[in-house]
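[1] okay, sequence plus prediction incoming.
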Amino acid sequence: MDTPTDEAAARAIQDRLRTRVVLDETGPPPGTGLVTGVDVAYDDERNIVAAAAVVLDAATLAVVEEATAVGQVAFPYVPGLLAFREIPTVLAALEQLTSGPGLVVCDGYGQAHPRRFGLASHLGVLTGLPVIGVAKNPFTFTYAQPGTRRGDSSPLLADGGDVVGRALRTQESVKPVYVSVGHRVSLDNACAHTLHLASAYRLPETTRRADALCRRALREATLAVPGS
DNA sequence: GCGACAG
DNA sequence: ATCTTGTCGC
């Protein structure tokens, strides 16, 4: 991924790439094939970022393959421009996989984005893979509190009323997660995948595995760098 | 202009 | 994201 020099350039890239997002495909059915979780962790001291990609068997949620990558942080955190900070290293991790990733689940948003081009959509366009976004926070979007039962949901709304995703309750009486479509997956299917992957905890198993792995990769990378 | 704001 | 102990509960 080309790293833009400034925020204006970054927004221009988003506006150009967003035209390539595919929203009229349903995507693979939940519970079959492979599902890959990606996540990154930062070390602000050393300006290092570690990414992880964990491939799961969608039927059993067993780990099939893991990959990590470490790099320099190339872009600051700016709300709306998160992809430029995370994607380069995530791509490096994905490229090391020997298995096809299948559906990719990432932290953050896809269509739920100021310019409808969040992390999940960006990653989808760059890889061509079906991608969904499952975020832990609602960002600036609004929603009515969904029911308290697992599977209950309510539309995630942008200013102006556009439905950009869904607040989905993955566990009884636990704060919902915020699901949005990234690329080549319908919102209904994205939620079905999320529910399937979050059968035991609030967050999808893909996210939990990737989170644990990138933190471990960051620890090990931080210790290895000093010498050479 | 100021604050809020995925990770 | 990250800084962070003990503690309550299955």
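    Structure received. Numbering: from 1, shown residues only, chains lettered A, B, ... in the order given.
[2] whichever strand or helix holds residue A:179 pairs with which strands?
    Per DSSP states H and E: residue A:179 is located in strand A:177-183. Strand pairing for strand A:177-183, determined by DSSP bridges: strand A:131-135 (antiparallel), strand A:163-168 (antiparallel).
[3] out of those, deepest packed?
    strand A:131-135 (a mean of 30; mean count of other Cβ atoms under 10 Å). Where you see a C-beta, it was placed from the backbone N, CA and C, and this is true even at glycine.
[4] list the buried residues for the next helix-or-strand element following that one?
    Next helix or strand after strand A:131-135 toward the C-terminus (DSSP H and E): strand A:153-157. Neighbour-count burial for strand A:153-157 flags A:153-157 (criterion: 16 or more other Cβ atoms under 10 Å).
[5] same check, this time on stretch A:23-34
    Neighbour-count burial for stretch A:23-34 [16+ other Cβ under 10 Å]: A:27-28, A:30, A:34.
[6] briefly note if the lengthiest helix in chain A comes near DNA strand C.
    If you go by DSSP state H, chain A has its longest helix at helix A:205-224. Yes: using Cβ under 7 Å from any atom of the strand, helix A:205-224 reaches DNA strand C at A:215, A:218.
[7] which other helices and strands contact that helix?
    When contacts are defined as 3 or more Cβ pairs under 8 Å, 6 or more residues apart in numbering; DSSP states H and E, helix A:205-224 sits against strand A:34-43, strand A:48-57, strand A:63-72, strand A:103-107, helix A:187-197.
[8] distance between the fourth one and the chain's centre?
    Spelled out, it's strand A:103-107. 4 Å (Cα atoms, centre = their mean, to the nearest Å).
[9] roughly how far is the helix or strand following that strand from the heart of the chain?
    The C-terminal neighbour of strand A:103-107 among helices and strands, as given by DSSP H and E, is helix A:119-127. Mean C-alpha position of helix A:119-127 versus that of the full chain (Cα atoms, centre = their mean) differs by 9 Å.
[10] my read is that residue A:171 contacts residue A:199, right?
    No: in this structure, residue A:171 is not within contact of residue A:199 by Cβ atoms under 8 Å, at 9.1 Å.
[11] for whatever residue of chain A ends up closest to DNA strand C, the count of nearby residues, please.
    Relative to DNA strand C, the nearest point of chain A is residue A:41 (3.3 Å; Cβ to the nearest atom of the strand). For residue A:41, the tally of surrounding residues (other Cβ atoms under 10 Å) stands at 22.
[12] alright, that wraps it up for me.
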